[in-house]
Structure formats: C-alpha cells, structure tokens
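In: predicted coordinates and the sequence they were generated for:
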Amino acid sequence: MNRAERVDRTAIAGELERTRVHLHRLLDEVSDASLRRRSAGTRWTNEQLLFHMVFGYMVVQALLPLVRVVSRLPAGVGRRFAQVLDAGTRPFHVVNYYGSCAAALVYNRNRMGAKADRVIGALSRRLQRESESTLRRGMPFPVRWDPFFTDYMTIGELYLYPTRHFDFHEQQLTLDRHEPTE
C-alpha cells in the first residue's frame, strides 16, 4: 500500500469477508482426523494452525488501540518500544506457539468460526468508521515477530495484515477436504 494513497476500505472489507467465508468452508469440509494431522512447516496441528490464523485477526483488534496511542507520542518512543518488543522475540514465539495450542482447545472447530465472525465483523465495522487521517497514523513495529510486520505500519496497513497472515498460513494446512454432508 502506498501511504500517500487513500485506503481502499471496500477492498479490505472484501478480503476480510473472503477469509471469514473461506474459514467456515474449511471447517465444514474437513474431518476431525484431518484437523488432528500436523500442518506443513509448523509444529501445530491443522486445527491449532486454523486457530492461529483466526488469532491474527484478534491480534489486530488488540493492536489498533495501541497504534492509536503510540502514533501520538514522539517518534523516538515508538522506535524504542519496537526495539524492546524485538528484543523479546524468543519469549514471544514461545507464547505464540503454546498460546495457539491452548486456545485451540477452547476455540476448536465448533467455536472457531463464531469467534472469527465476531472479530472480523468488529474489524469491518471499525474500518468503515475510521477517518482517513486515522488510517494514516502509524508506529514502528517489531519486525522479528512476524514476517508481515514492517518497520513502520499505519493503521490502514494493519487492517491488511490478518488477511496476509491467513493466506500465508493456509498454504501450510494439510487438510483432506470432502464435501460437507447435509
């Protein structure tokens, strides 16, 4: 996204909805055995990875207020904050892994879709209410935490993050799909 351009809310909302619908399709079309299978390139099972994909949307929901605050502080504060977070990358990854393992026990295939509906719906509604100036506000990010974090991200760019995260991790799923039974 070129930071000088207006944020295309319609396109972002469309991508949010695309992934929400796709998640439901995945959850409906796979067997329990397929969800218990290991994913490719991660230590998670498919079900844990699916929750982690939903968690990306939850992370954005939590980050939005933080970016609003930090973006109003002197630039040096934001840079230092990102450096401190980057220094904590190792514990972050441990918590990220085990947190997704544990959370998938609660937000399993039976609850995950509803959680995604609530979070993605809230993000979509919030996106439509954001002013253009707010969407341009941003802060430095801990680039070692996630390959889709850049050294500086605007709120508009942050709304794009969970879909990129979802699409990336979808390639690591090892699901056997079947037609849903009616």
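Out: Great, that's in hand. Everything quoted here is computed from the prediction, not taken from an experiment.

In: center of the protein, which residue is that?
Out: The structure's the chain has its C-alpha centroid closest to Gly56; by CA atoms, centre = their mean the separation is 1.8 Å.

In: surely that one meets Tyr159?
Out: No - Gly56 is beyond contact range of Tyr159, at 11.7 Å (criterion: CB atoms under 8 Å). All C-beta spots, glycine's among them, are computed from the backbone N, C-alpha and C.

In: ok so Thr163 is a helix residue?
Out: Yes - counting by DSSP: H, G, I helix; E, B strand; the rest coil, Thr163 is found in a helix.

In: for it, list the residues it contacts.
Out: Thr163 sits next to Ile12, Glu15, Leu16, Arg18, Thr19 when contact means CB atoms under 8 Å, 6 or more residues apart in numbering.

In: and for His52?
Out: Taking CB under 8 Å, 6+ apart as the criterion, His52 is in contact with Trp44, Asn96, Ser100, Ala104, His169.

In: distance to Glu132 and pLDDT added to those, as CSV?
Out: Output for the contacts of His52, formatted as CSV (distance: CB to CB, whole Å; pLDDT from 0 to 100):
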residue, distance to Glu132, pLDDT
Trp44, 38, 97
Asn96, 32, 90
Ser100, 34, 94
Ala104, 37, 94
His169, 31, 97
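
In: for these, give me JSON lines that also has secondary structure, distance to Gly78 and neighbour count.
Out: Output for the contacts of His52, formatted as JSON lines (DSSP: H, G, I helix; E, B strand; the rest coil; distance: CB to CB, whole Å; neighbours: other CB atoms under 10 Å):
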{"residue": "Trp44", "secondary structure": "coil", "distance to Gly78": "31", "neighbour count": "20"}
{"residue": "Asn96", "secondary structure": "helix", "distance to Gly78": "22", "neighbour count": "16"}
{"residue": "Ser100", "secondary structure": "helix", "distance to Gly78": "27", "neighbour count": "23"}
{"residue": "Ala104", "secondary structure": "helix", "distance to Gly78": "33", "neighbour count": "24"}
{"residue": "His169", "secondary structure": "helix", "distance to Gly78": "28", "neighbour count": "18"}
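
In: ok, so of these, who is nearest Val69?
Out: Asn96 (22.7 Å; CB to CB).

In: show me the contacts for the closest one.
Out: Asn96 touches His52, counting by CB under 8 Å, 6+ apart.

In: same question for Thr150.
Out: Phe141, Val143, Glu157.

In: remind me which residues of this protein are low pLDDT?
Out: 1-4, 177-182 (pLDDT under 70).
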